[in-house]
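1. Build me a model from this:
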Amino acid sequence: MRKVVVFSGHREVGDGHTALIQQATVRAVEDADEFVFGGAAGADLIAFKAAWQARMAARQACQLSEDQYTAIIQKRGSFPSRLANLRIVCVVAATFDDQPREARSVLEWHRIDPPDIEFVELGMPYAAQGLLHRNRVMIDRISGNEGYLLAYWRDGVYRSGTWSAISYAQKNGVQVVNIL
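-> Numbering: from 1, shown residues only. Modelled structure (predicted):
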């Protein structure tokens with residue numbers, strides 16, 4: 001059984017909360033097989049960068065030669081550590097090109113060949129309906145696996161995508177861990 005960690009967070013990040021999101025994300029992915037996020041600006045990108053940097057540090061710690069490293073990447077092989085093998089998945093409601101400019105600029109260079117992270121484009125409108133659907137698709141990736149929703153949610157903010165993700169997760173028996 002795989003362990004899947006899904007992240008959802010607000011676009012606006014409170015003062016001093018960047019480090020909090022980074023630390024919580026690194027702890028969450030240390031023993032995860034898959035990290036899923038929505039590719040939005042704000043907390044999503046902070047969490048993504050933390051997960052990606054943790055995975056890269058784990059890969060460097062494997063002390064592989066450049067040829068060994070390249071062979072693993074090109075053949076979709078396996079590194080000798082769980083974190084080094086972390087699968088990072090960005091689920092977007094519409095298409096990659098419909099993402100906000102800030103998010104596209106951060107994620108663009110991860111669309112290399114072979115891709116550094118997996119992109120799932122749902123083809124829905126980049127509007128409330130599409131974003132709610134994206135959140136459900138992300139949480140449904142936990143189904144049949146071990147895992148939880150890691151949320152950056154400010155208590156009392158009930159009209160948000162993050163709240164809808166929390167609500168959907170709870171209705172489906174998925175554990176929710178709120179960073180705040």
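2. which intervals of the protein have sub-threshold pLDDT?
-> 76, 113-114 (pLDDT under 70).
3. Show me where it has its helices.
-> Remark: helices assigned in the chain by DSSP state H are 17-29, 43-61, 66-74, 101-107, 128-140, 161-171.
4. Could you dump those helices into CSV with mean neighbour count and distance to Asp116 added?
-> The way it works is simple: take the backbone N, C-alpha and C, and place the C-beta from them, glycine included. Output for the helices of the chain, formatted as CSV (neighbours: other C-beta atoms under 10 Å; distance: least, C-beta to C-beta, whole Å):
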stretch, mean neighbour count, distance to Asp116
helix 17-29, 19, 15
helix 43-61, 20, 8
helix 66-74, 12, 9
helix 101-107, 15, 10
helix 128-140, 18, 19
helix 161-171, 19, 25
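5. Please identify which of those helices is closest to Ile179.
-> Each of the helices of the chain has some distance to Ile179 by C-beta to C-beta; the shortest is helix 17-29, at 4.5 Å.
6. Give the other helices and strands that the closest one contacts.
-> In terms of contacts (3 or more C-beta pairs under 8 Å, 6 or more residues apart in numbering; DSSP states H and E), helix 17-29 is packed against strand 3-9, strand 34-37, helix 43-61, strand 146-152.
7. The last one relative to helix 43-61, how many degrees between them?
-> An angle of 130 degrees separates the directions of strand 146-152 and helix 43-61 when computed by axes from the mean of the first three to the mean of the last three C-alpha atoms, to 10 degrees.
8. returning to that earlier point: closest one to Ser8 among the helices of the chain?
-> Using C-beta to C-beta, the helices of the chain put helix 161-171 closest to Ser8, at 4.0 Å.
9. who touches that closest one?
-> The contact list for helix 161-171 (C-beta atoms under 8 Å, 6 or more residues apart in numbering) reads 6, 8-10, 38, 40, 131-132, 135-136, 138-139, 148-149, 151-153, 157, 175-176, 178.
10. And the helices of the chain: which comes nearest Glu121?
-> Comparing these against Glu121 with C-beta to C-beta, the closest turns out to be helix 128-140 (10.0 Å).
11. For that closest one, which helices and strands make contact with it?
-> Helix 128-140 packs on strand 3-9, strand 87-92, helix 161-171, going by 3+ C-beta pairs under 8 Å, 6+ apart.
12. Reformat those as TSV; add distance to Phe48.
-> Shown next, in TSV, are those (distance: least, C-beta to C-beta, whole Å):
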stretch	distance to Phe48
strand 3-9	8
strand 87-92	7
helix 161-171	15
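13. So which of these is nearest Met124?
-> Minimum separation from Met124 across the helices and strands packed on helix 128-140 (C-beta to C-beta) falls at strand 87-92, 9.1 Å.
14. export the closest one as CSV, just CAs?
-> Extracted in CSV, the C-alpha atoms of strand 87-92 (Å, rounded to 0.1, in the frame of the first residue of the first chain):
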residue,chain,number,x,y,z
ARG,A,87,6.5,10.9,-6.8
ILE,A,88,5.3,14.5,-7.0
VAL,A,89,2.0,15.1,-8.8
CYS,A,90,0.6,18.5,-9.8
VAL,A,91,-3.2,18.3,-10.5
VAL,A,92,-4.5,21.3,-12.4
